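Q: sequence and predicted model, in that order:
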Amino acid sequence: MRQAARVDNNHKQIIETLRSLGATVQSTHAVGHGFPDAVVGFRGATYLAEIKDGQVTGWKFTPHQKRFMARWNGSPVLIFTCVDDVLIWARSKK
């Protein structure tokens, strides 16, 4: 039986920031098996995003997350640790 997915403390704030910038976001943190925390649609493209709270996890990925990212053939999985990461990323997509 799978344990309940842990949500990082900044998950809600990062999702809200993405949406405030016009992105559509589906939170997928409960999917499991290493699947990233969110699917983000922004300016005609789709991205997978992993949300990490550096203070809690120290940027550690689970073995499932490492395996998923190594096998993923799409765009690299985005890593967001704070609102500033989101803002910098969004500015780069203009």
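A: Perfect, thanks for sending it.
Q: where along this protein do the helices fall?
A: Along the chain, the stretches classed as helices by DSSP state H are 11-20, 54-57, 63-71, 83-92.
Q: ok, of those, where does mean pLDDT dip lowest?
A: Comparing mean pLDDT over the helices of the chain, the weakest stretch is helix 54-57, at a mean of 60.
Q: now Thr28: how far from Lys52?
A: 15 Å (Cβ to Cβ, to the nearest Å). Bear in mind the C-beta positions are built from the backbone N, C-alpha and C, glycine included.
Q: same deal with Arg19?
A: In terms of Cβ to Cβ, Arg19 sits 19 Å off from Lys52.
Q: next one: stretch 69-85 to chain centre, how far?
A: Remark: stretch 69-85 is offset 6 Å from the chain centroid, using Cα atoms, centre = their mean, to the nearest Å.
Q: and that stretch, what's buried?
A: For stretch 69-85, the neighbour count (16 or more other Cβ atoms under 10 Å) marks Met69, Val77, Leu78, Ile79, Phe80, Thr81, Cys82, Asp85 as buried.
Q: is it true that the fourth one touches Lys52?
A: Yes: using Cβ atoms under 8 Å, Ile79 makes contact with Lys52 at a distance of 6.1 Å.
Q: what do these two both touch?
A: By Cβ atoms under 8 Å, 6 or more residues apart in numbering, Ile79 and Lys52 have no common neighbours.
Q: about what we covered before: can you put the buried residues of stretch 69-85 in a markdown table and add distance to Arg91?
A: Compiled in a markdown table, those are given as follows (distance: Cβ to Cβ, whole Å):
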| residue | distance to Arg91 |
| --- | --- |
| Met69 | 24 |
| Val77 | 19 |
| Leu78 | 14 |
| Ile79 | 17 |
| Phe80 | 14 |
| Thr81 | 17 |
| Cys82 | 15 |
| Asp85 | 11 |
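Q: Pro63: neighbour count?
A: For Pro63, the count of nearby residues is 8 (other Cβ atoms under 10 Å).
Q: same question for Ile88.
A: Counted with other Cβ under 10 Å, the neighbours of Ile88 add up to 11.
Q: could you pull up the contacting residues of it?
A: With contact set as Cβ under 8 Å, 6+ apart, Ile88 has no partners.
Q: that concludes my questions; thank you for your assistance.
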